[in-house]
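[1] Could you work out the structure for the sequence below:
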Amino acid sequence: MSYREGYYFKKDGYSQIATQGIDLSKYSLEELKALWRKTLEDGIHGICFSMYEDGQRPGDDISMEQVERRVKILKPYAGAIRSFSCIEGNEFVPIAAKKHGMNTLVGAWLGDDKEDNEREIEGLIALAKAGHVDVAAVGNEVLYRNDLTLDELIGYIRRVKEALAGLDIPVGYVDAYYEFSRHPIIVENTDVVLANLYPYWEGCPIEYALGHMQAMYGQVVDAAQGKPIIITETGWPSQGGGLRGAIAGGEAAMKYFIDTINWTNANDIPIYYFSSFDESWKVGPEGEVGAYWGLWDKHENLKF
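    Numbering: from 1, shown residues only. Sure, this is the predicted structure:
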């Protein structure tokens, strides 16, 4: 496998090799599928964990058995797993990942419910102290959703950093790439910059998506104050419509995955690809495309 055991983020140097994406016109569909499969089988740094089967959604309690089954599916292909919450069964994700020799980026989901936030923060701290956390993420797109004020978010970040002092666990916050330029105080209060890069959600045609993502990453580098960077989410939906020039589809999804992994490998950029499995519950929140971001379908079969 091409990922490095124990490798999480670069500590110095941000020179970027701007790789070129593949030309779809030069591949038959079967050749494209074979290249997509080879890229995945060669191994990727990390992948975002999808919790929910059909009929399940956030708020449901998910069993360790279900989590571990899915972790075992992902293990041959990825060196690390990113989780998004520390309650309602999500706490099993880093436990199962560590059990099966994978590294972890563990998130506490923060929103406008202060009681749930307390449970999330305490859950993250407990998992970290138990040895299940390699990188801690305090919140995911909280500012993007306007769920908390900046001061409230910084308070949670500082609280986790204080609780984990001496454990050598980097603490960060996940948001869209541009939020770190807007709010330098986030960078100042974290150890690592955790950025989501989505050319799709900015309506970028697939032909230009790799270059657009490279530019997004460059903006994060400018904002990072020399701190390490992890791409915590990027991906392309395999069906479900489109957004301006960005059209969901199988060929586009395969190209985006191949281009992204080639570029991040060439630059030693740690990445958690979004996502592992399709999740039907996301149709409502994200429109039709929300259900089709996985490398695996909702039945846990590889798509291509």
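[2] what number of residues lie near residue 270?
    24 (other CB atoms under 10 Å). Heads up, the C-betas are built off the backbone N, CA and C, glycines and all.
[3] And for residue 196?
    There are 22 residues near residue 196, going by other CB under 10 Å.
[4] show me the contacts for the nearest residue to it once chain neighbours are set aside.
    Nearest residue to residue 196, sequence neighbours excluded (CB to CB, 6 or more residues apart in numbering): residue 233, at 4.1 Å. Applying CB atoms under 8 Å, 6 or more residues apart in numbering, we find residue 233 in contact with 48, 174, 196-198, 272, 274.
[5] Including pLDDT and secondary structure, could the residues you listed go into a markdown table?
    Shown next, in a markdown table, are the contacts of residue 233 (pLDDT from 0 to 100; DSSP: H, G, I helix; E, B strand; the rest coil):
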| residue | pLDDT | secondary structure |
| --- | --- | --- |
| 48 | 98 | strand |
| 174 | 98 | strand |
| 196 | 98 | strand |
| 197 | 98 | coil |
| 198 | 97 | coil |
| 272 | 98 | strand |
| 274 | 98 | coil |
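[6] ranking those residues by neighbours, who comes first?
    Most neighbours among these, by other CB under 10 Å: residue 272, with 27 neighbours.
[7] in the stretch 151-300 of the chain, which spans are helices?
    Residue ranges of the helices in the stretch 151-300 of the chain, as given by DSSP state H, counting those that start in this stretch, are 179-182, 184-188, 206-223, 250-266, 283-286.
[8] Give me the distance between stretch 261-279 and the centre of its chain.
    Relative to its parent chain, stretch 261-279 has a centroid offset of 8 Å by CA atoms, centre = their mean, to the nearest Å.
[9] Closest one to residue 204 out of the contacts of residue 233, please.
    residue 198 (8.9 Å; CB to CB).
[10] Give the closest residue to the closest one in space, chain neighbours not counted.
    Distances taken as CB to CB, 6+ apart place residue 234 nearest to residue 198, at 6.1 Å, with adjacent residues excluded.
[11] What count of nearby residues applies to that neighbour?
    By other CB under 10 Å, 25 other residues sit near residue 234.
[12] And the contacts of the helix or strand bottoming out on mean pLDDT in the chain?
    Lowest mean confidence among the helices and strands of the chain (mean pLDDT, DSSP states H and E): helix 283-286, at a mean of 76. With contacts defined as CB under 8 Å, 6+ apart, helix 283-286 is touched by 290-291.
[13] cool, and stretch 248-257?
    Contact partners of stretch 248-257, identified using CB under 8 Å, 6+ apart, comprise 21-22, 24, 29, 32-33, 35-36, 39-40, 200, 206, 209-210, 235-242, 273, 289, 292, 295, 303-304.
[14] Contacts only, for residue 109.
    Counting by CB under 8 Å, 6+ apart, residue 109 makes contact with 84-87, 90, 116, 120, 139-140.
[15] actually residue 273, not the one I wrote
    Contacts of residue 273 by CB under 8 Å, 6+ apart are 44, 46-48, 234-235, 257, 260-261, 295.
[16] which one of those sits closest to residue 111?
    For those, the nearest to residue 111 is residue 48 (18.4 Å; CB to CB).
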